[in-house]
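>>> Quick one: sequence plus predicted model below, questions after.
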Amino acid sequence: MKLRTIIILAIAILSSSVVFAQGAITPRKVNNVTLEALTGEKVQLPEWGKKNLMIFYVDPDKPKQNQEFTEEMEQNKRASGANILGFGIMNLKDAPFVPNSLACKLANKRTEKNHATVLADKDRILATAWNLGDCNNKFVLLVVTKEGELVYIHKGEHSEAEKEEFYKFIEKYR
């Protein structure tokens, strides 16, 4: 009886730390983390606690994943507003064949055009601190509220239906 209870508890714990729903999730508290600016200086997530954050956590091995979606968001402004800040974080640890300096140089070039903020995560700091699970080869879209609650996660390519669901979801955070 005791062994059975322990096994069931262990399975429940393992399942909850590995499985994620796509899209809106049950809110859970996360903490601000220290990453690197493209220049190499240590920085924390911008506007933490002041604005809702829409974070694009991207593996440089898959730079085109969701490219149409991100360009669409830039153009139509359906996910922007006074209460939300969108920015990118490069998941450099999961891109071992892309030199960090090259990834930062390419990101710098892109930010010159769109004036976006891009940070570098060289050691999966964000994924580990927020218990995101496997982010390798995935474009991960996250939404964190001003109160520090992770309320949305989507890994991989967004379908047209998932894009529309996201636009409806983000409306209340703009």
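Looks like it arrived, so ask away.
>>> how deep is Val151 tucked in, by neighbour count?
Neighbour count of Val151, defined by other Cβ atoms under 10 Å: 20. C-beta here means a position set from N, CA and C on the backbone, and glycine is covered the same way.
>>> wait, is it part of a helix?
No. Counting by DSSP: H, G, I helix; E, B strand; the rest coil, Val151 is not part of a helix but strand.
>>> which SS class is the closest residue to it other than its chain neighbours?
In space, Val151 comes closest to Pro27 once its chain neighbours are excluded; the distance is 4.8 Å by Cβ to Cβ, 6 or more residues apart in numbering. Classification of Pro27 by three-state DSSP places it in strand.
>>> residues contacting Pro27?
Contact analysis of Pro27 by Cβ atoms under 8 Å, 6 or more residues apart in numbering lists Thr145, Glu149, Leu150, Val151.
>>> One more pass at 7 Å, please.
Glu149, Leu150, Val151 (Cβ atoms under 7 Å, 6 or more residues apart in numbering).
>>> Pro60 too?
Shown in contact with Pro60 (Cβ under 7 Å, 6+ apart): Met90, Leu92, Ala95, Val98, Ala103.
>>> Go again with 6 Å.
By Cβ atoms under 6 Å, 6 or more residues apart in numbering, the contact set of Pro60 is Met90, Ala95, Val98, Ala103.
>>> Which strand or helix spans Met54?
Element membership for Met54, per DSSP states H and E: strand 52-58.
>>> Need the contacts of Pro27 in CSV (columns: pLDDT).
Compiled in CSV, the contacts of Pro27 are given as follows (pLDDT from 0 to 100):
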residue, pLDDT
Glu149, 98
Leu150, 98
Val151, 98
